[in-house]
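mind looking at a prediction? Sequence and model below.
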Amino acid sequence: MLYFIDVIIPVPLQKLFTYRITSAEAEFLKPGMRVAVPFGKTKIYTGIVHHIHNNAPTAYEAKDIEQILDDTPIVNSWQLKLWQWIADYYMCTLGDVMRASLPSGFILESETLIVKNNAKDIKDSDLEDDEFLIYEALHHQSSLKIQDISNILDKKHVLPVLNRLIAKDAITLQEDIYETYKPKLVRYVKLHTTYNSEEQLHKLLDDLSRAPKQREVVMTFFSLSAQTKKPVKVTDLAKASDTSSSIIKTLIDKDILEEYFIQTDRIQYQGEENEDSKHLNDYQAAALEEIKTSFESHEVSLLHGVTSSGKTEIYVKLIEDTLKEGKQVLYLLPEIALTTQLISRLQEYFGEQVAVYHSKYSTHERVEVWNNILGDKSKARIILGARSAVLLPFSHLGLIIVDEEHEQSFKQFDPAPRYHARDTAIVLASFFKAKTLLGSATPSLESYNNTQQNKYGLVELNYRYNNVLMPDISLVDLKDKYKRKRMKGHFSDTLIEEMAETLHEGFQVILFQNRRGFSPVISCQTCGHSPQCPNCDVSLTFHQYRNQLRCHYCGYAMAMQNSCMACGSPDLDNKGFGTEQIEAEVKELFPDFKVGRMDLDTTRGKHGYEKIITALEQQEIDILVGTQMVTKGLDFRNVKLVGVLNADNMLNFPDFRAHERSFQLLLQVAGRAGRTKERGKVLIQTYNPYHTILQQVSTNNYAAMYKDQMEERYTFKYPPIYRQIKITLKHKDYNRVETGAIWYAKSLRQLFGNYVLGPESPAISRIRNQYHKNILIKIPKEQSLQRTKEAIIKINNSFLSIKDFRVVKVNLNVDNF
Ligand code: ADP
Ligand code: ZN
Ligand code: ZN
């Protein structure tokens, strides 16, 4: 009998590739093991065994495999099942899913660069002959490819040698090595509590009259803390009192001053000692019970809890319960919310059992986490990670938490698989009969809608922890402020006054400026109006080359206007303003205060993001100017005012979710204000203070927002009422994409009629020299999603069989929102 295996290789092939194996190999191999297989003329890939069978392929002669790379599977059967679901649902190949799933350390391939691991000294005697040859070669050449190694050893089968070298830590695959971020500790002093009373204080100063230098330091300490109303740094005190730090040390030794450090995770000087107590307050305890009850009848529940209501502590209780049952927990959150703050908070509770899976980790560390989960080690019971952590080798999950479930970053846009980690997590949980808890202060419409359909359970938590008040949100009318000349740059007098007051009280300010998307939307400088598409209820975008305003969904177009269609003003703006400009303006308005900026530019470096967070926590920054990044689950004690410079450019963003997103973003950013006893204040500058969304934001009225938005989704046929699939065609030759897209859309229209929109150019129609065309398909609930996808695949295959179109790249994006 002949034996074959079907293998998944990390390239986008429609079908699995079949290879021939011997009967002994058939005996040994199991699905999920890696094999090295030849592909094409010269390439060798690492593939994953999908299944073993006896059917020779009919279209080609099966080649032999090169090598078996594992003794036991590295991908388990649950994963293979999930991969299949992802490939089917998101219309991509198993190869795409494999590539997204496996840390690159697992997929040695022709293009991989191999480098010497300089961190480790390897003795020649520790290496076998073939290993030594490679190691030696890496002394002379900084990196080698698989092919080079094949030449050096003069043999085809080199992957086992490389795997041995990796295991010995002698080589690594080229990638950035992640260094753990160590926040610097800043040393502060405060007056010892003995001297809290007036009387004791007088006595102290009297006593010190014989030590004038020490007395001087104490007096300086008073004036510094009165001036800045902030904790006093040792370095500042030494400088201001013009003494050496040894005198300060003496005061500390004499118990007059007390030293302490502020670290990243918690600021302690406010004296809230019981912070790590795990006792839930009554609201939290009630919510926890409700979640448990809800899980009795629902696989998935949504915890809708206002910002700072203490959702994390509730998760912690559920995690404890799950661990007691001996099961694994997956805790998903947006990459950017995966901060040291949260990691150390969980480590405080669960110690070693917490494993973090992070895109910034080296492939080494990722392989290690993978193996720990695969082996169900006690080191990896709670897996904390962003999107791709849903692809790890779980074997008995009990609970999945998706925190900030409304976040767009759970959806992968490019490359395939274009999966949504929240939705994938729910499927994964169902394999294990595990429960999924979604958490958010501002749930996505689709999740909330699922609770209203009773598909998911719903638990509400409406009080902030410690009875902290929700921030007071007010709107500032920009139209009025400009008219009355109350603006300085982009700042209204109201905002400037509030900032000044907050800063002089010693509190911090966060200023939020929306990151302008790619789409140039026109807005009137006088009244804030942006032209809208009459069919789609989204803003029109400006296309310079045709001097038109176009809808990038349906293609509706009109000539670019010279004056505002609402108020007639000729002052139209399509440029917007960024965080950098705001930063410059703030520096001019408040020269005595330190300004920090948090956006893509300033957080690019490895620890850029954490450095800024730390600086804010340690109060080295008084005013932080930032984009969406400042909205993500940060817990700052001393921020009292949040200013939103312009709410309109969010509201006018050309996307059907613009209003929902604005609501979420504004409430999340507002949630950064006043997390302690001082009530926070939020000022939102806008041309449209009567905009429904802004009214709903200022009253924190999620229910009203939900109702309104669902009506619009219904009227304009958007998710979650309709489903959506977006098809993008790309090629460097404009005419080819254009004719291809027309052909494609026409074929779709024959089946789906008016539910097909486009083809339409996106606002930026040429990216990296490739022209783009989009086609959008709306799918009513009663239409079978499965059959719709089958029809699309058929059309897609016909398209790609036409000679002219074969070179056009087609991306399918299911749930493209
Ligand atoms: P959310 O995630 O809902 O925005 P957090 O879980 O971050 O809120 O909680 C807000 C703050 O309240 C945190 O500093 C947290 O440590 C504190 N907190 C919440 N619940 C408790 C509790 N039961 N005991 C002590 N502190 C708590
Ligand atoms: Zn106008
Ligand atoms: Zn339109």
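Now that the structure is in, tell me what you want to look at. What you see is a predicted model; the values in this text were computed from it and never measured. Ligands and ions are numbered 1, 2, ... in the order given.

what about the helices in the stretch 201-350 of the chain?
In the stretch 201-350 of the chain, the helices defined using DSSP state H, counting those that start in this stretch lie at 212-228, 234-241, 245-253, 282-297, 311-324, 340-350.

and the angle from the last one to helix 311-324?
Meaning helix 340-350. Going by axes from the mean of the first three to the mean of the last three C-alpha atoms, to 10 degrees, helix 340-350 is angled at 40 degrees with respect to helix 311-324.

from the contact counts, what lies against helix 340-350?
helix 311-324, strand 354-357, strand 382-385 (3 or more C-beta pairs under 8 Å, 6 or more residues apart in numbering; DSSP states H and E). Just so you know, the C-beta spots here come from the backbone N, C-alpha and C atoms, and that holds for glycine as well.

output the ones you listed in JSON lines; the columns should cover mean pLDDT and mean neighbour count.
Output for the helices and strands packed on helix 340-350, formatted as JSON lines (pLDDT from 0 to 100; neighbours: other C-beta atoms under 10 Å):
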{"stretch": "helix 311-324", "mean pLDDT": "95", "mean neighbour count": "19"}
{"stretch": "strand 354-357", "mean pLDDT": "92", "mean neighbour count": "23"}
{"stretch": "strand 382-385", "mean pLDDT": "96", "mean neighbour count": "24"}
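
including distance to I146, could the ones you listed go into TSV?
Formatted as TSV, the helices and strands packed on helix 340-350 follow (distance: least, C-beta to C-beta, whole Å):
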stretch	distance to I146
helix 311-324	42
strand 354-357	27
strand 382-385	30
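
of all the ones you listed, which one is nearest ligand 2?
helix 311-324 (41.6 Å; C-beta to the ion).

check the offset of that closest one from the chain's centre.
Counting by C-alpha atoms, centre = their mean, to the nearest Å, helix 311-324 is centred 22 Å from the centre of its parent chain.

for stretch 544-554, same thing?
31 Å.

and what of stretch 527-546?
29 Å.

which stretch among the helices and strands packed on helix 340-350 comes nearest L478?
helix 311-324 (34.2 Å; C-beta to C-beta).

the closest one and ligand 1, are they touching?
Yes - Helix 311-324 lies within reach of ligand 1 by C-beta under 6 Å from any ligand atom, at 311-313.

related to what we said a few turns ago, can you redo the helices and strands packed on helix 340-350 as TSV with distance to ligand 2?
Formatted as TSV, these follow (distance: least, C-beta to the ion, whole Å):
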stretch	distance to ligand 2
helix 311-324	42
strand 354-357	49
strand 382-385	46
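
which among these is found nearest to R164?
strand 354-357 (25.7 Å).

packing partners of the closest one?
helix 340-350, helix 363-374, strand 382-385.

swap in 6 Å and give it another go.
The elements that strand 354-357 packs onto, with contact taken as 3 or more C-beta pairs under 6 Å, 6 or more residues apart in numbering; DSSP states H and E, are helix 340-350, strand 382-385.

including distance to K433, could the helices of the stretch 201-350 of the chain go into CSV?
Below are the helices of the stretch 201-350 of the chain laid out as CSV (distance: least, C-beta to C-beta, whole Å):
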stretch, distance to K433
helix 212-228, 56
helix 234-241, 56
helix 245-253, 58
helix 282-297, 11
helix 311-324, 13
helix 340-350, 23
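
about what we covered before: and of the residues of helix 311-324 next to ligand 1, the nearest to A26?
Checking the residues of helix 311-324 next to ligand 1 one by one against A26 (C-beta to C-beta), the nearest turns out to be T312, at 49.6 Å.

OK, contacts around the closest one?
Contact analysis of T312 by C-beta atoms under 6 Å, 6 or more residues apart in numbering lists nothing.

tell me the residues of the protein that contact ligand 1?
So the chain meets ligand 1 at 275, 277, 279-281, 284, 305, 307-313, 465, 635 (C-beta under 6 Å from any ligand atom).

only whichever of the residues you listed are buried, select them in ChimeraX.
Buried members of the residues of the chain next to ligand 1, defined by 16 or more other C-beta atoms under 10 Å, are picked up in ChimeraX with:
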select :280,284,305,307,308,309,310,311,312,313,465,635
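
helix or strand for L748, which one?
L748 is part of helix 734-752, with elements assigned from DSSP states H and E.

okay, stretch 100-110 in CSV with CA atoms only?
Below are the C-alpha coordinates for stretch 100-110, written out as CSV (Å, rounded to 0.1, in the frame of the first residue of the first chain):
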residue,chain,number,x,y,z
ALA,A,100,-0.1,33.8,11.4
SER,A,101,-0.1,31.2,14.1
LEU,A,102,3.4,29.8,14.3
PRO,A,103,6.2,31.8,15.8
SER,A,104,8.8,32.2,13.0
GLY,A,105,11.2,30.0,15.0
PHE,A,106,9.0,27.1,14.0
ILE,A,107,9.1,27.8,10.3
LEU,A,108,12.6,27.6,9.0
GLU,A,109,12.5,28.2,5.3
SER,A,110,14.6,29.2,2.4
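
so how far is it from its chain's centroid?
Its chain's C-alpha centre and that of stretch 100-110 lie 22 Å apart, by C-alpha atoms, centre = their mean.

now do the buried residues in that stretch.
Those buried within stretch 100-110 under the rule 16+ other C-beta under 10 Å are 100-109.

now those residues in CSV, with pLDDT, distance to L624 and secondary structure?
CSV is the format used below for the buried residues of stretch 100-110 (pLDDT from 0 to 100; distance: C-beta to C-beta, whole Å; DSSP: H, G, I helix; E, B strand; the rest coil):
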residue, pLDDT, distance to L624, secondary structure
A100, 93, 34, helix
S101, 95, 36, helix
L102, 92, 38, coil
P103, 87, 34, coil
S104, 78, 35, helix
G105, 75, 37, helix
F106, 82, 40, helix
I107, 75, 40, coil
L108, 63, 44, coil
E109, 58, 43, coil
